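only geometry, no sequence info:
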């Protein structure tokens, strides 16, 4: 596994109005690795992941201090095109959010807004992405059906495929299995592990077992602070901080 | 079930059924009072007849001039109301800040609370003379003025319902779109608008119904000539204002009287159709979403 640095988070502070949601966070994220963010609800892990594709831009009255360097370039610099950034950094959300359109239209959306209209190319890329997301066999005969008719787990894999089809380099998963049953969860987890060979992956999860199963590095957040960040195995077996230990052993959370 | 439960049940049932009774009653009256003329004149001759001379001898009851007046005025009103109404909804929803929205939406809705008679005399005394001078018309009281005023009156319906439809589109669609690299306008046109589509179409149809059924304003501003309009600047007499203007002078039980009821019947059937189309669109849309209907 390469240890190539992809994202460097430097002294990030984030405020929702007066609420200090992230306090002086520093973190290094490496290529071809799954990095998990764990911590109790409201600890800032989702806020953190939403910085990486600047999804927090949509939040009113939010302020940010510090830098997030993607391949050495601060993504908050004024000359950064946020549309370009989001094509490079894809995101899968907590609740599956397919558009109320057909499966095929969902897949094409990201490509069409990029200006790709050739049906053949659209179809080819759709097929590839759906195969990568392990959904192709289940939907290949019903691409024109409404995406909302799929099961929750299928919808989430469609959202992953929809994210893959625009060929991002980094993928952010914000509690991707929070609303799914164990079998669907298993499929998504396998998929994430499988995807890390091609992508840099960040996963927010409230499920510690999930972090242990799929990630190489784990970050533990508490009340907006990054308490501990290191190899997943160490975080779970030999945490340095008392609070991490209390959390991973289930004493609170 | 206790006695008081039963009493409550029947009280509420009576109240709930009253609309149904009123509707049935109105339909019965429209048909029974309107049918005599339809049978004596003939349905086709009544609807497509080109002359409306209810008081000459023998009277002629062809309401095509009145129907075409209603259509021209309604169409014109929609040309005004659709872009302005939906445009305001988009502005309020998408661009205006929280403070602007808090002021703008009630203001637009207040426009809808103005009684139609006020729009009517505003149109007759201010807009019509103004347009007459501006465009050198023989009279300012014409289809164009009517369409303009009715269009303004329909803006609140379109704006308010469209804005409601836009605001119930789940935030997650917007996030998904942004996350795929779409900008604000792509998100608006390709995701938010289609998702709000049924609400927006419903607003248009309800706007049409509102304009079709509007009486006071058209009576005052459209000029009242029962002729098939050759241009939008001709004076016209839509169906509603015909009924309002002539019901007072028609002898009860006479042919003219029945003819006016028959016009009411035609009007009712048109607006009924509009409501059914609106219902159909939202039903189809919910099916597309995969929801239960």
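That came through fine. Quick caveat: nothing in here was measured; it's all calculated off a predicted structure.

which residues of chain A score low on pLDDT?
In the predicted model of chain A, residues A:1-2, A:253 satisfy pLDDT under 70.

Show me what from it comes close to chain B.
Chain A comes close to chain B at residues A:53, A:55, A:58, A:60, A:83-84, A:86-87, A:90-91, A:93, A:95, A:97-101, A:109-110, A:112-114, A:146, A:148-149, A:159, A:162-163, A:166, as judged by C-beta under 8 Å from any C-beta of the partner chain. For every residue, glycine as well, the C-beta is placed using N, CA and C.

what's the helix or strand where residue A:173 lies packed up against?
Assigned by DSSP states H and E, residue A:173 belongs to strand A:170-174. Packed against strand A:170-174 by the contact rule (3 or more C-beta pairs under 8 Å, 6 or more residues apart in numbering or on different chains; DSSP states H and E) you find helix A:45-52, strand A:89-92, helix A:152-164, strand A:200-204.

With mean neighbour count as extra columns, can I get those in a markdown table?
Listed next are those as a markdown table, based on neighbours: other C-beta atoms under 10 Å in any protein chain shown:
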| stretch | mean neighbour count |
| --- | --- |
| helix A:45-52 | 23 |
| strand A:89-92 | 25 |
| helix A:152-164 | 25 |
| strand A:200-204 | 26 |
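
Format those as CSV; extra columns: distance to residue A:105.
Below are the helices and strands packed on strand A:170-174 laid out as CSV (distance: least, C-beta to C-beta, whole Å):
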stretch, distance to residue A:105
helix A:45-52, 26
strand A:89-92, 18
helix A:152-164, 10
strand A:200-204, 26
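
Residue B:86 is nearest to which of the ones you listed?
When the helices and strands packed on strand A:170-174 are compared by C-beta to C-beta, helix A:152-164 sits nearest residue B:86, at 28.7 Å.

Quick one: residues in contact with the closest one.
Contact with helix A:152-164 is made by A:90-93, A:96-98, A:103, A:106-107, A:109-110, A:126, A:129-130, A:132-135, A:138-139, A:147-148, A:150, A:171, A:176-177, A:179-181, A:183-185, A:187-188, A:191, A:195, B:176, B:179-180, as judged by C-beta atoms under 8 Å, 6 or more residues apart in numbering or on different chains.

Same question for stretch B:164-176.
So stretch B:164-176 is contacted by A:55, A:58, A:91, A:93, A:95, A:97-100, A:159, A:162, B:89-90, B:93-94, B:187, B:191-193, B:195-196, B:198-200, B:202-203 (C-beta under 8 Å, 6+ apart).

again, only this time at 6 Å
Identification of contacts with stretch B:164-176 by C-beta atoms under 6 Å, 6 or more residues apart in numbering or on different chains yields A:97, B:93, B:187, B:191, B:192, B:195, B:196, B:199, B:200.

so the fourth one touches residue B:177, yeah?
The reference is to residue B:191. Yes - at 4.6 Å, residue B:191 and residue B:177 qualify as touching, with contact defined as C-beta atoms under 6 Å.

how many neighbours does the nearest residue to residue A:98 once chain neighbours are set aside have?
Among residues not flanking residue A:98 along the chain, residue A:147 sits closest, at 3.7 Å (C-beta to C-beta, 6 or more residues apart in numbering or on different chains). Residues contacting residue A:147 under the criterion other C-beta atoms under 10 Å in any protein chain shown number 25.

In helices only, show me the residues of chain A next to chain B.
A:83, A:84, A:86, A:87, A:109, A:110, A:112, A:159, A:162, A:163 (DSSP state H).

sec struct for the closest residue to the first one other than its chain neighbours, please.
So that's residue A:83. Nearest residue to residue A:83 in three dimensions, chain neighbours excluded: residue B:181, at 5.0 Å (C-beta to C-beta, 6+ apart). Look at residue B:181: counting by DSSP: H, G, I helix; E, B strand; the rest coil, its state is coil.

who's in contact with residue A:244?
For residue A:244, the contacting residues are A:220, A:227, A:228, by C-beta under 6 Å, 6+ apart.

what's the closest of those residues to residue B:71?
Proximity of the contacts of residue A:244 to residue B:71 (C-beta to C-beta) peaks at residue A:220, which lies at 69.0 Å.

What helices and strands are in contact with the helix or strand harbouring that closest one?
Element membership for residue A:220 (DSSP H and E) is strand A:217-222. Judged by 3 or more C-beta pairs under 6 Å, 6 or more residues apart in numbering or on different chains; DSSP states H and E, the packing partners of strand A:217-222 are strand A:34-38, strand A:225-231.

buried residues in whichever helix or strand comes after the last one?
In other words, strand A:225-231. Toward the C-terminus, strand A:225-231 is succeeded by helix A:232-237 as the next helix or strand (DSSP H and E). The neighbour-count check on helix A:232-237 (16 or more other C-beta atoms under 10 Å in any protein chain shown) flags A:232, A:235, A:236 as buried.

What is the nearest of these to chain B?
residue A:232 (26.0 Å; C-beta to the nearest C-beta).

If you drop the residues flanking it in sequence, what lies closest to the closest one?
Of all residues not flanking residue A:232 in the chain, residue A:218 sits nearest, at 4.4 Å (C-beta to C-beta, 6+ apart).

for that neighbour, what are its contacts?
Residues in contact with residue A:218 (C-beta under 6 Å, 6+ apart) are A:36, A:211, A:232, A:235.

between the residues you listed, which is nearest residue B:11?
Using C-beta to C-beta, residue A:211 is the member of the contacts of residue A:218 that sits closest to residue B:11, with 59.6 Å.

just how off-centre is the helix or strand where residue B:22 lies within its chain?
Element membership of residue B:22, judged by DSSP H and E, is helix B:3-41. Relative to its chain's centre, helix B:3-41 lies at 23 Å (C-alpha atoms, centre = their mean, to the nearest Å).

Now do the buried residues in it.
Those would be B:30, B:33, B:34, B:36, B:37, B:38, B:41, for helix B:3-41 by 16+ other C-beta under 10 Å.

Closest to residue A:44 out of the residues you listed?
Among the buried residues of helix B:3-41, and counting by C-beta to C-beta, the member closest to residue A:44 is residue B:30, at 65.8 Å.

about what we covered before: tell me the first helix or strand C-terminal of the strand holding residue A:173.
Downstream of strand A:170-174, the first helix or strand assigned by DSSP H and E is helix A:182-195.

what residues does that next one touch?
A:134, A:153, A:176, A:177, A:214.

Quick one: end-to-end length of stretch B:46-56, please.
16 Å (C-alpha to C-alpha, to the nearest Å).
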